[in-house]
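K.L.:
the sequence and its predicted three-dimensional model are supplied below.
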Amino acid sequence: MHPIGREVRELSNIVFKLGGSIIAELPNSFYDMLVHLKRSAKCNPIIVHGGGPAINKLLDHLKIEHEFVKGLRKTSKDVLEIAEMVMSGSINKHIVTSIQTIDGKAIGLSGVDAAILQAKPLGIQEEIGYVGEVENVDTEWLHLIIQHGAIPVISPIGLGSDGQHYNINGDIAAAAVAEAMNAKLAFISDIPGVKEERAGRTIIHPSLTKEQTETMIKTGIIHGGMIPKVQSAIKALSGGVTETVILNGWESKDIEAYLDGKQAGTKLIIEKEANHV
């Protein structure tokens, strides 16, 4: 691996996973914050993004059938081609442009580039198609990009050992990158955290343990796209990620509060004790 400068090792890394549902609506203040974090040497931001709604829109326009299985997009060859086109193309460059128009530096990558995201099939192809999971993250180029003052922006398309491309759920990819980079992990989405309806009111859980999330998945409280999100967060913690949190990207104050060490969103923790609402 390429030797990394001392300054890169001393700064903490934070992986921001940007949900596809919010990317187009993220305020400029979010990107201002990223550039400020980088310039002030507070941390090294790394972005991994999704692209669900934009992929759905193009699939519908092209009349290509698509569905989700347990929160994961069933990926045929046609769906894979569209997913890669949208995420590694328009969405990735939208994020890069948003950073650079405020005088920041960003480099957009697919997980295929330099085999950053080395992948294998996640399940049986007949059931979910070309959906992959991350076997290994090659961090050399990520460190080099960071060392040269830029923010890596990663599209979650992985590369198999046989050259096959795989669609990797963005939450799963972000967790793998965070684990490999010894980083904190913040899921930036269009929701304020893990929600639950109790006695006619909606609560946001300030923190949840692995055991609690498993129970909430079984009972249907956590469902759909939130399932891989919390599962990825817990797996990342088990793999050495120091902290994971789900934050509301609509509210820049929530992100700022989290970065200041205050309560915001839902933290996923390993400890048996968790705060209850």
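P.N.:
Okay, I see it. Residues are numbered from 1 along each chain as shown.
K.L.:
low-confidence stretches in the stretch 151-277 of the chain?
P.N.:
The stretch 151-277 of the chain contains residues with pLDDT under 70 at 271-277.
K.L.:
cool, and the stretch 1-150 of the chain?
P.N.:
Residues of the stretch 1-150 of the chain that meet the criterion pLDDT under 70 lie in 1-11.
K.L.:
all helices of it, in order?
P.N.:
Under the criterion DSSP state H, counting those that start in this stretch, the stretch 1-150 of the chain contains helices at 6-10, 28-39, 52-61, 77-85, 92-100, 125-128, 140-147.
K.L.:
got JSON lines for those, with distance to Gln212 and mean neighbour count too?
P.N.:
In this view, the C-beta of every residue, glycine as well, is placed from N, C-alpha and C. Formatted as JSON lines, the helices of the stretch 1-150 of the chain follow (distance: least, Cβ to Cβ, whole Å; neighbours: other Cβ atoms under 10 Å):
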{"stretch": "helix 6-10", "distance to Gln212": "35", "mean neighbour count": "10"}
{"stretch": "helix 28-39", "distance to Gln212": "29", "mean neighbour count": "17"}
{"stretch": "helix 52-61", "distance to Gln212": "26", "mean neighbour count": "16"}
{"stretch": "helix 77-85", "distance to Gln212": "32", "mean neighbour count": "18"}
{"stretch": "helix 92-100", "distance to Gln212": "32", "mean neighbour count": "19"}
{"stretch": "helix 125-128", "distance to Gln212": "27", "mean neighbour count": "13"}
{"stretch": "helix 140-147", "distance to Gln212": "32", "mean neighbour count": "19"}
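K.L.:
out of the ones you listed, nearest to Asp254?
P.N.:
Among the helices of the stretch 1-150 of the chain, the nearest to Asp254 by Cβ to Cβ is helix 28-39 (10.9 Å).
K.L.:
the closest one - contacts with which helices or strands?
P.N.:
Judged by 3 or more Cβ pairs under 8 Å, 6 or more residues apart in numbering; DSSP states H and E, the packing partners of helix 28-39 are strand 44-49, helix 92-100, strand 151-155, helix 252-259.
K.L.:
which residue ranges of the stretch 151-277 of the chain form strands?
P.N.:
151-155, 157-159, 165-167, 184-189, 195-198, 201-204, 207-209, 244-248, 266-269 (DSSP state E, counting those that start in this stretch).
K.L.:
ok, Ile204 - contacts?
P.N.:
Taking Cβ atoms under 8 Å, 6 or more residues apart in numbering, we find Ile204 in contact with 192-195, 265-266, 277.
K.L.:
buried subset of those as a PyMOL selection?
P.N.:
To isolate the buried ones among the contacts of Ile204 in PyMOL, judged by 16 or more other Cβ atoms under 10 Å, type:
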select buried, resi 192+193+194+265+266
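K.L.:
and the contacts of Ile204 as CSV, adding distance to Ile47?
P.N.:
CSV is the format used below for these (distance: Cβ to Cβ, whole Å):
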residue, distance to Ile47
Pro192, 21
Gly193, 20
Val194, 22
Lys195, 25
Gly265, 18
Thr266, 20
Val277, 30
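K.L.:
give me the number of residues near the residue nearest to Ala115 when sequence neighbours are not counted?
P.N.:
Leaving aside its sequence neighbours, Ala115 sits nearest to Leu159 (Cβ to Cβ, 6 or more residues apart in numbering; 5.1 Å). Using other Cβ atoms under 10 Å, Leu159 is surrounded by 22 other residues.
K.L.:
pretty sure Val153 contacts Ser110?
P.N.:
No - using Cβ atoms under 8 Å, Val153 is not in contact with Ser110, being 10.1 Å away.
K.L.:
quick one: which of those two has more around it?
P.N.:
The neighbour comparison of Val153 against Ser110 (other Cβ under 10 Å) goes to Val153, with 25 against 20.
K.L.:
quickly list what that one is bridged to.
P.N.:
Beta bridges link Val153 to Ile47, Gly108, judged by DSSP bridges.
K.L.:
and for Val153 and Ser110, which residues touch both?
P.N.:
Joint contacts of Val153 and Ser110 (Cβ under 8 Å, 6+ apart) are Asn92.
K.L.:
which phi and psi does Gly20 have?
P.N.:
Per-residue torsions, Gly20: phi -60, psi -30 (degrees, to the nearest 10).
K.L.:
run through the residues that contact the residue of the chain most remote from its centre.
P.N.:
Taking Cα atoms, centre = their mean, the residue of the chain most remote from its mean C-alpha position is Ala199, at 32.2 Å. Ala199 makes contact with no residue, according to Cβ under 8 Å, 6+ apart.
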